[in-house]
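**Q** Okay, here's the prediction I keep looking at, along with the sequence it came from:
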Amino acid sequence: MIRLGLTGSIGMGKSTTAQMFRDEGLAVIDSDAVVHDLYRGEAVGPIERAFPGTVIDGRVDRGELSAHLAAHPEDFKLLEMIVHPLVRKREIETISQAQAAGADIIVLDIPLLFESGTQARVDKVVVVTCDPTIQRERVLARPGMTEEKFRMILGRQTPDVEKRRRADFIIDTGRGLDHARAEVRRIIAALRAKG
């Protein structure tokens, strides 16, 4: 089974592209969705112990946690030490289920693929990209997003040009949905042809 890593900086269209892979019948492990789930379950206790006051009503409050991390960016490493092993455990379980079901390709949607050093866990990498002007417009249109938050997020991400340099495949979402969908199909066909 081919493990296809899907990544891209904030606002590049990665979530939309992940859905296109789903629409083509592939299983997608969405790391962000796993984290959201963990913030309602297994990660609650360890995060409350590490960051008191960030758990409200039995769930990690992302706003409180973000505010803490904005004030104490050095704590990102501690958060990653708590969350990454839990995400990895869930990933292994899902990959096993997909293999048992006979899947030939599984997509690992990992926003911080290069930043977290997890590219070694995938066979090929797809980077989703677009023009920086389009990216900025998309991100600043999000509720609660500010220039400062956007800069902070970008500061933690590998630059887009570097991601594209390290990619096996690139999908430019700035060229429209039909183009992106065609690229998704082309990538799947290429992988199956080699498999």
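**A** Arrived safely. Numbering: from 1, shown residues only.

**Q** Could you use CA atoms for every contact and neighbour count after this?
**A** Noted.

**Q** who does the strand or helix carrying R136 touch, helix- and strand-wise?
**A** Element membership for R136, per DSSP states H and E: helix 132-140. Where contact means 3 or more Cα pairs under 8 Å, 6 or more residues apart in numbering; DSSP states H and E, helix 132-140 is packed against helix 147-156.

**Q** Please state the offset of the helix or strand bottoming out on mean pLDDT in the chain from the chain centre?
**A** Every helix and strand in the chain was compared by mean pLDDT, DSSP states H and E; the lowest is helix 147-156, with a mean of 88. Per Cα atoms, centre = their mean, to the nearest Å, the displacement of helix 147-156 from the mean C-alpha position of its chain is 16 Å.

**Q** Contacts only, for the residue nearest the centre of the chain.
**A** Centroid-nearest residue in the chain: P111, 2.6 Å away (criterion: Cα atoms, centre = their mean). Counting by Cα atoms under 8 Å, 6 or more residues apart in numbering, P111 touches 6-9, 31-32.

**Q** Tell me the buried residues within the residues you listed.
**A** Neighbour counting over the contacts of P111 (16 or more other Cα atoms under 10 Å) leaves 6-9, 31 as the buried ones.

**Q** now for those, which pair is the farthest apart?
**A** Largest separation among those by Cα to Cα: S9 and S31, giving 14.1 Å.

**Q** hmm, who's touching stretch 185-195?
**A** By Cα under 8 Å, 6+ apart, the list of residues contacting stretch 185-195 from outside reads 2, 24, 169.

**Q** now those residues: which count as buried?
**A** For the contacts of stretch 185-195, a burial check counting by 16+ other Cα under 10 Å picks out F169.

**Q** Same list (the contacts of stretch 185-195) but as JSON lines, adding distance to K149, pLDDT and secondary structure.
**A** Listed next are the contacts of stretch 185-195 as JSON lines, based on distance: Cα to Cα, whole Å; pLDDT from 0 to 100; DSSP: H, G, I helix; E, B strand; the rest coil:
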{"residue": "I2", "distance to K149": "35", "pLDDT": "96", "secondary structure": "strand"}
{"residue": "E24", "distance to K149": "34", "pLDDT": "97", "secondary structure": "coil"}
{"residue": "F169", "distance to K149": "29", "pLDDT": "98", "secondary structure": "strand"}
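
**Q** Return the closest of the contacts of stretch 185-195 with respect to D104.
**A** Nearest to D104 among those, with distances taken as Cα to Cα, is I2, at 6.2 Å.

**Q** Just to check, the closest one is in contact with G102?
**A** No: using Cα atoms under 8 Å, I2 makes no contact with G102, being 11.6 Å away.

**Q** Leaving out sequence neighbours, find the closest residue to Q135.
**A** G11 (4.9 Å; Cα to Cα, 6 or more residues apart in numbering).

**Q** Point out the other helices and strands that the least confident helix or strand of the chain packs with.
**A** Of the remaining helices and strands, those touching helix 147-156 by 3+ Cα pairs under 8 Å, 6+ apart are helix 132-140.
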